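[1] Quick one, structure for this:
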Amino acid sequence: MKNLKPNFSHIYIEKDAIGYELTDIALSKFSGSTIIMIDHYKDFFNRASQDFQMQKKSMKLILAKKKEPLLYPASSMIQDYNTPNVFYNTPILNCLYNCDYCFLQGMYDSGNLVVFVNERDMMDAIDTKVSDPRDPSKATVVSISYNTDLLAMENILPLSRRWINYVDGKKDTIIEIRTKSALFSSIMDMDPSDNVVLSWTLSPEEICMKYEAAAPPLNSRVNSVKNALERGWQVRLCFDPVLMVDNWFDIYSKFFQELFEDVDGSDIRDVTLGVFRMNKDYFNKIRKRDTRSDIYFSDYSIEEGVVVVDSETRQFAMNELQNLLSEFISKDKILVWK
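    Numbers count the residues shown, from 1 in each chain. The predicted structure is shown next:
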């Protein structure tokens, strides 16, 4: 099972990050690391001419204090979850994993990890937004792992645990923790919360092996899904991005069939479904500097600054896959990116 735990040979610490509990936990856990004090994380993280892929092989940890904005409106790249009150925040920048199709490779010049240690300020920002929602009749949903895999970090820093404790019992507030990790065991002792959705991104084994090589294998993720369901957690399954590889229909058909023989679709909160898509600038940056993946040399359309599978193929694929999924889960639980 792949549960990455870097040794972080170097830890860079903003002066403003000193004194926070998460900073102290990190320094205690990685007591052998070389400590380098910095004025601002961007001085190190945003430097020009960095080698993203080389840095991923030996990630450094950067501890910083997040400044405004602390909460962002949801990107059009994700589903709206049937509420206009959808936001995301960034407790961490970058991910332990390194999936070929991930937009973070184009968003950031650095492959290192930034952890913002003032999570209480981010929580306060959510409370403020919940007090003045766009639609008072609907809950406010916050993705707290949009730019990272928060649960994958849990054996390094207890971030998911802290966020679950924060939101549990709050009125009209839901957080989504999206992950590819197999680390549900790290929060297994916690009581399930109606305010938390644990979202696992799952792909066919062929896709996992070729494009998600650093992430845990499919069977490990599915076991985490089953363990979470058995303990009463709300679980979302994310089939996103669907990659239009050769024989994609047969591959995904077999994948869905085998998955839902193991997982009861009626226990699932909902599923998301979407094709590969990426901001054009991020896509071009990745394609220019990293030729390791055939994903960036396929034919796509450009729609409103987004590189995406052409609309005809996209609509056909989403319709076909939605029909397949509806054999195992009701259509009203299938959220499709259009």
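[2] Please name the residues that touch the residue lying closest to Asp264 once chain neighbours are set aside.
    Among residues not flanking Asp264 along the chain, Leu229 sits closest, at 7.7 Å (C-beta to C-beta, 6 or more residues apart in numbering). C-beta coordinates here come from the backbone N, C-alpha and C atoms, glycine included. Leu229 makes contact with 235, 263-264, 267-268, according to C-beta atoms under 8 Å, 6 or more residues apart in numbering.
[3] got it, and Lys66?
    90, 116, 118, 121-122.
[4] Quick check: buried residues in stretch 268-279?
    For stretch 268-279, a neighbour-count test (16 or more other C-beta atoms under 10 Å) marks 268, 270-279 as buried.
[5] pLDDT below threshold where in the chain?
    1-4, 76-81 (pLDDT under 70).
[6] ok, Ile286 touching Phe297?
    No - using C-beta atoms under 8 Å, Ile286 is not in contact with Phe297, being 11.0 Å away.
[7] So these two - more neighbours on which side?
    More crowded of Ile286 and Phe297, by other C-beta atoms under 10 Å: Ile286, with 24 against 8.
[8] who's in contact with that one?
    105-106, 296.
[9] which element is it on?
    Here Ile286 sits within helix 280-289, counting by DSSP states H and E.
[10] picking up where we left off before, drop anything exposed from the contacts of Lys66.
    Buried, going by 16+ other C-beta under 10 Å: 90, 116, 118, 122, out of those.
[11] tell me the two of those residues that are most distant?
    Spatially, the most separated pair among the buried ones among the contacts of Lys66 is Thr90 and Asn118, at 11.9 Å (C-beta to C-beta).
[12] before we move on, back to that, could I get the contacts of Leu229 as CSV with distance to Ser131 and secondary structure?
    Shown next, in CSV, are the contacts of Leu229 (distance: C-beta to C-beta, whole Å; DSSP: H, G, I helix; E, B strand; the rest coil):
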residue, distance to Ser131, secondary structure
Val235, 29, strand
Val263, 37, coil
Asp264, 38, coil
Asp267, 33, helix
Ile268, 31, coil
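[13] Out of these, grab the one that's most surrounded.
    Top of the contacts of Leu229 by neighbour count (other C-beta under 10 Å): Val235, with 23 neighbours.
[14] looking at the sheet around that one, what are its partners?
    Counting by DSSP bridges, Val235 is bridged to Leu198.
[15] That one touches Asp270, doesn't it?
    No - between Val235 and Asp270 there is no contact, the gap being 9.2 Å when judged by C-beta under 8 Å.
[16] Spit out the contact partners of Asp39.
    14-15.
[17] how far away is it from Lys56?
    Going from Asp39 to Lys56 by C-beta to C-beta, to the nearest Å gives 25 Å.
[18] just to revisit the earlier point, can the contacts of Leu229 go into a markdown table with extra columns for distance to Asp24?
    Listed next are those as a markdown table, based on distance: C-beta to C-beta, whole Å:
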| residue | distance to Asp24 |
| --- | --- |
| Val235 | 33 |
| Val263 | 39 |
| Asp264 | 43 |
| Asp267 | 39 |
| Ile268 | 39 |
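[19] Return the distance of stretch 168-178 from the chain's centre.
    16 Å (C-alpha atoms, centre = their mean, to the nearest Å).
[20] got the end-to-end distance for it?
    17 Å (C-alpha to C-alpha, to the nearest Å).
[21] Equivalent analysis for stretch 234-252, please.
    End-to-end distance (C-alpha to C-alpha), stretch 234-252: 24 Å.
[22] quick one: buried residues of that stretch?
    Quick answer for stretch 234-252 (16+ other C-beta under 10 Å): 234-245, 248, 251-252.
[23] Which single one of those is nearest to Gly111?
    Pro241 (20.8 Å).
[24] about what we covered before: got the buried residues for the helix holding Ile286?
    Buried, per 16+ other C-beta under 10 Å, within helix 280-289: 280, 282-283, 285-286.
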